[in-house]
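Undergrad: next one to model:
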Amino acid sequence: MNETKTGARGSAAKPRLLATDDRPEILRLLERTLGDRYECEFASTVGAAREKLAGPPFQLALCDIQMPGESGLVLVEEIAGEHPETAIVLVTGVDDPEIAERAFELGAQGYLVKPFWPGQLLITATSAMHQRALELAQEAHTRTLEDRIQTLMDAAPVPIYIKDRDRRYIIANKVAHQVAGLEPNDLIGLTDNDIMAPEAERIATASDRTVLEQGGTYTAEETMTVGGEERTYLTVKFPYVDDIGEIVGISGISTDMTAKKQAEELRERLTATQLRAIKELRASRQETVERLIRAIELHDPETGLHVKRMAATASFLAAQLDLDHDRVLLLRTAAPMHDVGKIATPDGVLRKQGPLTADERERMQAHTTVGHEILSGSESDLLKMAASIALTHHEWFDGSGYPQGLKNGEIPVEGRIVAVADVLDALLSDRPYRPAMTVEQATKLMTEERGTHFDPEVIDALMENLDEAIALRG
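TA: Numbers count the residues shown, from 1 in each chain. Purely as a prediction, here's the structure:
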């Protein structure tokens with residue numbers, strides 16, 4: 001098929017599509033499938049595609065990776081960088097995860113593997129268009145929010161700025177520019193080496209490194225030459241963090257001592273903002289846990305109810321054992337993820353009525369190591385604890401549990417606590433293979449296993465506070 005187009009040019013009803021492929025039969029399939037919905041133009045080389053991209057904008061580009069002369073990945077990168085309004089779908093004849101990952105890194109919204117059927121093509125194209133529209137809307141929202149933040153910062157009577165990890169200024173208000181002796185926006189992209197005398201730059205570098213390496217707040221009175229003038233500032237710097245709490249830069253306020261009162265008021269507002277950000281981060285973390293639990297619940301409905309009750313009991317027992325308050329709160333959030341590995345357990349094993357075979361038992365027991373693999377590897381204290389609990393909550397105090405045969409103090413205290421809370425709730429709940437036990441039956445069985453299955457101290461804490469623990473189940 002020659003490089004061509006279908007549909008009426010300029011028709012407002014149809015989005016424009018550019019498809020690149022050197023095989024006529026593929027272009028014919030694209031035309032048959034998408035011609036009624038899109039104003040289609042085709043190119044059999046990357047160079048021809050560039051010529052078409054120089055004309056009216058396209059809303060969607062289907063880029064074949066194996067093009068004569070140049071790779072379609074080159075075109076993907078160019079479109080993403082120079083034509084942000086265009087959604088991109090990479091088309092390839094080989095399903096290679098590395099290529100897919102690279103395409104998405106470059107800015108693609110979709111990935112299609114040949115041979116594909118018309119419905120798959122239509123779904124992928126529509127999905128890519130929708131995703132890019134959402135991304136553009138989010139980018140517009142972010143720009144609006146950044147403009148509002150900049151306006152608020154510019155209203156402040158003191159220098160406010162943010163640097164990235166390379167210590168280049170990425171945000172700075174009007175006063176920061178004035179102090180540096182620069183016009184608005186000229187400070188962005190510069191470093192302190194560009195605007196400060198050597199001694200002042202050395203002081204700024206040392207304090208920046210303190211914030212980046214230690215993660216704390218730096219406060220000091222500094223006298224330095226900036227923009228050709230010597231000034232004394234009360235400098236406050238603190239970490240600039242991303243959505244997952246990673247330090248990605250330095251936030252700073254360098255206040256003239258003559259404006260000390262204004263600086264204190266501004267710091268209070270910034271502190272309140274930081275606290276709100278921490279609260280939002282914790283809420284986001286809790287939402288992530290709840291969504292993970294919801295995923296488990298879809299696979300095993302009983303698990304979803306069980307983990308909520310068990311977590312309340314586990315955190316209650318932890319408090320009775322005098323674990324510090326922050327650790328108790330962390331345990332309450334981490335405990336519901338103890339059975340996340342059951343996502344990999346077959347339904348037939350999870351819901352089987354009657355004894356498991358040796359193979360089925362092995363599959364069921366594997367949920368401990370699978371859960372640990374899912375949750376481990378993070379720097380988050382929450383996920384570290386959750387991974388440990390997932391791995392150890394079926395260990396027995398006498399060493400006869402699984403998967404590692406740990407005993408006594410080799411088992412983390414959180415694993416020993418969850419073991420008791422987990423079994424208590426399981427015994428008091430209906431299961432496919434037996435009805436729920438009474439409280440008396442369950443506690444009799446558990447006390448008989450004090451020192452074998454269960455940590456004696458945890459069992460004692462349960463029995464001494466049994467009424468409160470049972471009430472937590474609702």
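
Undergrad: where does the stretch 301-450 of the chain have low pLDDT?
TA: 301-304, 432-433 (pLDDT under 70).

Undergrad: now the helices for it?
TA: 301-320, 325-334, 347-350, 358-365, 367-375, 381-392, 413-427, 439-448 (DSSP state H, counting those that start in this stretch).

Undergrad: can you give me the buried ones in the third one?
TA: The one in question is helix 347-350. Across helix 347-350, burial judged by 16 or more other C-beta atoms under 10 Å covers 349-350. The way it works is simple: take the backbone N, C-alpha and C, and place the C-beta from them, glycine included.

Undergrad: which parts of this structure are strands?
TA: 16-20, 39-43, 60-64, 87-92, 110-113, 160-164, 169-172, 218-226, 229-241, 247-256 (DSSP state E).

Undergrad: which stretch among these approaches residue 354 most closely?
TA: Among the strands of the chain, strand 110-113 comes nearest to residue 354, with 43.0 Å by C-beta to C-beta.

Undergrad: how far does the closest one sit from its chain's centre?
TA: 24 Å (C-alpha atoms, centre = their mean, to the nearest Å).

Undergrad: how deep is residue 428 tucked in, by neighbour count?
TA: 17 (other C-beta atoms under 10 Å).

Undergrad: that should have said residue 190, apologies.
TA: Neighbour tally, residue 190, other C-beta under 10 Å: 16.

Undergrad: same question, residue 117
TA: 10.

Undergrad: roughly how far does it sit from residue 33?
TA: 9 Å (C-beta to C-beta, to the nearest Å).

Undergrad: out of the helices of the stretch 301-450 of the chain, which is closest to residue 42?
TA: Taking the helices of the stretch 301-450 of the chain one by one with C-beta to C-beta, helix 367-375 is closest: 44.3 Å.

Undergrad: buried ones in the closest one?
TA: Of the residues in helix 367-375, those buried (16+ other C-beta under 10 Å) are 367-372, 374-375.

Undergrad: of those, closest to residue 75?
TA: Comparing the buried residues of helix 367-375 against residue 75 with C-beta to C-beta places residue 374 closest, at 36.9 Å.

Undergrad: report the contact partners of the closest one.
TA: Counting by C-beta atoms under 8 Å, 6 or more residues apart in numbering, residue 374 touches 340-341, 343, 390.

Undergrad: and which of these is nearest residue 71?
TA: Using C-beta to C-beta, residue 343 is the member of the contacts of residue 374 that lies nearest residue 71, at 37.1 Å.

Undergrad: how close does the residue nearest the centre of the chain sit to residue 371?
TA: By C-alpha atoms, centre = their mean, the mean C-alpha position of the chain lies nearest to residue 244, the distance being 6.1 Å. Noted for residue 244: a distance of 21 Å to residue 371, by C-beta to C-beta.

Undergrad: repeat that for residue 122.
TA: For residue 122, the distance to residue 371 - C-beta to C-beta - is 39 Å.

Undergrad: so how far is stretch 150-162 off the chain centroid?
TA: 29 Å.

Undergrad: for that stretch, measure first residue to last.
TA: Distance between the two ends of stretch 150-162: 12 Å, counting by C-alpha to C-alpha, to the nearest Å.

Undergrad: what lies in contact with that stretch?
TA: By C-beta under 8 Å, 6+ apart, stretch 150-162 touches 169-176, 179, 187, 233, 240, 249-256, 259, 262-263, 266.

Undergrad: what are the buried residues along stretch 382-395?
TA: 382-395.

Undergrad: contacts only, for residue 368.
TA: With C-beta under 8 Å, 6+ apart, residue 368 has these contacts: 341, 390-394, 402-403.

Undergrad: at 10 Å what do you get?
TA: 338-339, 341-342, 389-395, 401-404, 415 (C-beta atoms under 10 Å, 6 or more residues apart in numbering).

Undergrad: do the same with residue 472
TA: Contacts of residue 472 (C-beta under 10 Å, 6+ apart): 309-317, 421, 425, 465.
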